[in-house]
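# Next one to model:
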Amino acid sequence: RELGLMGYAMAHSDTFREACRIGARYSRIIQEAAAVSFEEDGERGWLRVNPVPVLDVIRHPVDTRLAMIVAVSREITGAEITPAEVCFPYPEPANSKPYREFFHAPLAFDQPYSQVTFQQRDLQRPLLSADPALAGYMYQLAEEVLASLTQEDSLLEQMRRAIWSDLSGGGVSLDATAER
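The predicted model follows:
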């Protein structure tokens, strides 16, 4: 419920894998700057939060996003899912005990991205509130909202995002912004 339309669409999906796909697809509805992608390699699947350099150096937003992914996985499956790995884009804190206690998973710090990796057995789990009909309605509504965001994606908005991204990465270049 805390994730609004995207959360309901995820919760009513058939499996946790489908919920991950839906969460990644509609993550822009919640926050454009920190879009999420979902990929699999046959043995594992991972949700990766696209880098936001200005935020990734601040631990709290990163920690919140990764903890939310794991908390939602546990809530919608009704299982104590243990990630295969959790990656953080900053150095290991002096006290990483709270991280180990919450995630119960191998932790990798100083990574180029924020990511939670899940085993296939967890991705295959059915969801507690799976409802294909309701999920279909939620997906349709989410597509409409996503389309409205894309329509608002004017040249000015694209430039603002490019400049913001460049600023958060260290500097703005007219040529680099124009190429984007």
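# what pairs with the residue nearest the centre of the chain across the strands?
Centroid-nearest residue in the chain: residue 36, 3.6 Å away (criterion: Cα atoms, centre = their mean). Taking DSSP bridges, one obtains residue 49 as the residues bridged to residue 36.
# where does this structure dip in pLDDT?
By pLDDT under 70, the low-scoring segments of the chain are 1-6, 28-34, 51-58, 146, 149-180.
# how about the strands in it?
Applying DSSP state E to the chain gives strands spanning 36-40, 44-49, 85-87, 107-108, 114-119.
# Now for the residue nearest to the centre of the chain: which residues touch it?
Residue 36 is in contact with 23, 24, 27, 47, 48, 49, 50, counting by Cβ atoms under 8 Å, 6 or more residues apart in numbering. For the C-beta atoms, the positions are set from N, CA and C on the backbone; glycine is no exception.
# circling back: which stretch among the strands of the chain comes nearest residue 93?
strand 107-108 (10.2 Å; Cβ to Cβ).
# From the contact counts, what lies against that closest one?
strand 85-87 (3 or more Cβ pairs under 8 Å, 6 or more residues apart in numbering; DSSP states H and E).
# what's in contact with stretch 132-139?
Contacts for stretch 132-139 (Cβ under 8 Å, 6+ apart): 5, 8, 9, 12, 13, 14, 22.
# If any of those residues are buried, give me the PyMOL selection for them.
Here is the PyMOL selection string for the buried members of the contacts of stretch 132-139, based on 16 or more other Cβ atoms under 10 Å:
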select buried, resi 5+8+9+12+13+22
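# Among the contacts of stretch 132-139, list the two that are farthest apart in space.
The widest separation within those (Cβ to Cβ) is 18.1 Å, between 5 and 14.
# Pull out the buried residues from the contacts of residue 36.
Judged by 16+ other Cβ under 10 Å, buried ones among those: 23, 24, 27, 47, 48, 49.
# Name the nearest of those relative to residue 111.
residue 48 (10.0 Å).
# show me what contacts that closest one?
36, 37, 38, 39, 113, 114, 115.
# coming back round to it: which of the contacts of residue 36 sits closest to residue 87?
For the contacts of residue 36, the nearest to residue 87 is residue 48 (8.2 Å; Cβ to Cβ).
# Can you tell me the closest non-neighbouring residue to the closest one?
residue 115 (4.4 Å; Cβ to Cβ, 6 or more residues apart in numbering).
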